[in-house]
Structure formats: C-alpha cells, structure tokens
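> Can you look at this prediction? I've put the sequence above it.
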Amino acid sequence: MASNDPTDTGGLFIGRRPGTAPIRYRPRPVPAGPARQNADKGLAALLLSIEATMCVSVWGPQPIGWLWVGSHVKYWTGSITVGIVAAFSGMLLTLFVTLAIAKRVDHAWKLVRRAAGFHQERGALERIFVISLIIVGTAFAFWFFVIAGPGPELAPRQ
C-alpha cells in the first residue's frame, strides 16, 4: 500500500516530486585532531558573527544609509518622489543582496561546524534573523517611547 505521509511523498498524495527526497547526510567524517577542530570551531564562530552582523545591519545601518541617499537625491532632483523611490529601491536591493550573502555564509557555517565534529543539519540564519529583529525592535521601541517619546500627545499636561 502506498504511503500518503507528506514527508514521504513531498506533499503530494500520488508520488514524490523530483528533487524533494529527504536529505541524507554522509556519515560523520573522521575527526582530524584537536588542533584542526579548534581551528574549525574558531572559523565557525567567525562565520556566525559575520552572519549576525549582516542580519543586524538590515534593521539599522542599511535603511539609515539609504534614507540619507534618498535625501540627497531629493536635494539634487528637487523631487521628493524620486528621493523616496531611490531610498526604498536601494533598501530592497541591499536587503536581498545581504540575505543572499548571509544564506551563503550560513551554508559555509554548517559545513565548518560539521568539519569541527558537530552533527549540524540546520543553519542558524532564521534564528539569528529573528533574534536580531527582537533586539533591534526592542531598542527602537525604547528609543521611541522613552527617549524621543510621543510626550504630551499621549498624556496632555492640562
């Protein structure tokens, strides 16, 4: 009897789509030695920090930089529409490029972790992206409500 389990059929009830077979990892390689494993652990930590820096840059420095560029485009052209289009198209472009590079760094991180002797099947990009969103979102909320604050608009003085 045919299995209707989506993990067996790739989400279809009639058979598996091409290229959707479960991933089978090669057996764990023979560890090279403690010096090589420590070097691989250090390289994995470096790649993870690069990945985290890239994810945090998506939420702060990149948009601020593109807003600065958009303000200059508005000044040069005299059109606010052209400035806004330049800023937001630049933000989208750098967001996609940054995430594409981060995905490649994440893949390299998985390979280096496996070389260091860890059983690494999943990357860390999704978790880093969400954690960076939470950290930057919390910092922005603190800045908005406490430092810059809506002030008297929420609680009138009279």
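On my side now, so go ahead. On a predicted model such as this, the values are computed, not experimentally measured, just so you know.

> can you give me the helices in this protein?
6-9, 34-59, 61-77, 80-115, 125-142 (DSSP state H).

> out of the ones you listed, nearest to residue 21?
Residue 21 sits nearest to helix 6-9 of all the helices of the chain, at 9.7 Å, using C-beta to C-beta. Glycine gets a C-beta too; all of them are placed from N, C-alpha and C.

> Mean neighbour count, distance to residue 149 and mean pLDDT for the helices of the chain - can I get that in TSV?
Listed next are the helices of the chain as TSV, based on neighbours: other C-beta atoms under 10 Å; distance: least, C-beta to C-beta, whole Å; pLDDT from 0 to 100:
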stretch	mean neighbour count	distance to residue 149	mean pLDDT
helix 6-9	12	50	61
helix 34-59	16	21	89
helix 61-77	15	20	95
helix 80-115	16	26	93
helix 125-142	14	10	91
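
> Need these in a markdown table (columns: distance to residue 22).
Listed next are the helices of the chain as a markdown table, based on distance: least, C-beta to C-beta, whole Å:
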| stretch | distance to residue 22 |
| --- | --- |
| helix 6-9 | 7 |
| helix 34-59 | 25 |
| helix 61-77 | 37 |
| helix 80-115 | 17 |
| helix 125-142 | 20 |
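
> right, so of these, which gets closest to residue 26?
That would be helix 80-115 among the helices of the chain, by C-beta to C-beta, at 9.0 Å.
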